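Undergrad: Starting from these lines, generate the structure:
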Amino acid sequence: MSKAKKEEKAKARVEHPTCCCPFCLSSRMMEEAKEQYSGFFTHLRNARMEVLRAFRTLIDERISSLEKQKKKKVTKVKVE
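TA: Numbers count the residues shown, from 1 in each chain. Predicted coordinates:
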């Protein structure tokens, strides 16, 4: 990435230069590391998608079981 693009990204990023809280510091470090360790961040993104797909599978199975319960027909019993 060219130096001009890096500077442009840095300007666009909202930063709190006076903030030294752990969240701000780690956030800045992660942003800086994205270019250097792009493969690592690609794997993290893919892992996040897989976790969401796993939850989607659980939700789909639960919806299916609820739909099956709904399909069960009630039979009338004649009481004397």
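Undergrad: Run through the helices of the chain in chain order.
TA: According to DSSP state H, the chain carries its helices in the segments 3-12, 22-36, 38-71.
Undergrad: can I get the ones you listed in CSV with mean neighbour count and mean pLDDT?
TA: Placement of C-beta: from N, CA and C, glycine included. Compiled in CSV, the helices of the chain are given as follows (neighbours: other CB atoms under 10 Å; pLDDT from 0 to 100):
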stretch, mean neighbour count, mean pLDDT
helix 3-12, 10, 66
helix 22-36, 11, 85
helix 38-71, 10, 92
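Undergrad: Need the ones you listed in JSON lines (columns: distance to Glu80).
TA: Output for the helices of the chain, formatted as JSON lines (distance: least, CB to CB, whole Å):
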{"stretch": "helix 3-12", "distance to Glu80": "80"}
{"stretch": "helix 22-36", "distance to Glu80": "72"}
{"stretch": "helix 38-71", "distance to Glu80": "30"}
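Undergrad: which residue is nearest the middle of the protein?
TA: Of all residues in the chain, the one closest to the mean position by CA atoms, centre = their mean is Arg48, 5.3 Å from it.
Undergrad: What's the separation between that residue and Cys21?
TA: Plainly put, Arg48 is 24 Å away from Cys21 if you go by CB to CB, to the nearest Å.
Undergrad: thinking again about what came up before, against Phe40, how distant is the residue nearest to the centre of the chain?
TA: Distance of Arg48 to Phe40, computed by CB to CB: 13 Å.
Undergrad: got it, and Glu61?
TA: Between Glu61 and Phe40 the distance, using CB to CB, works out to 32 Å.
Undergrad: Glu32 too?
TA: When CB to CB is applied, the distance between Glu32 and Phe40 equals 13 Å.
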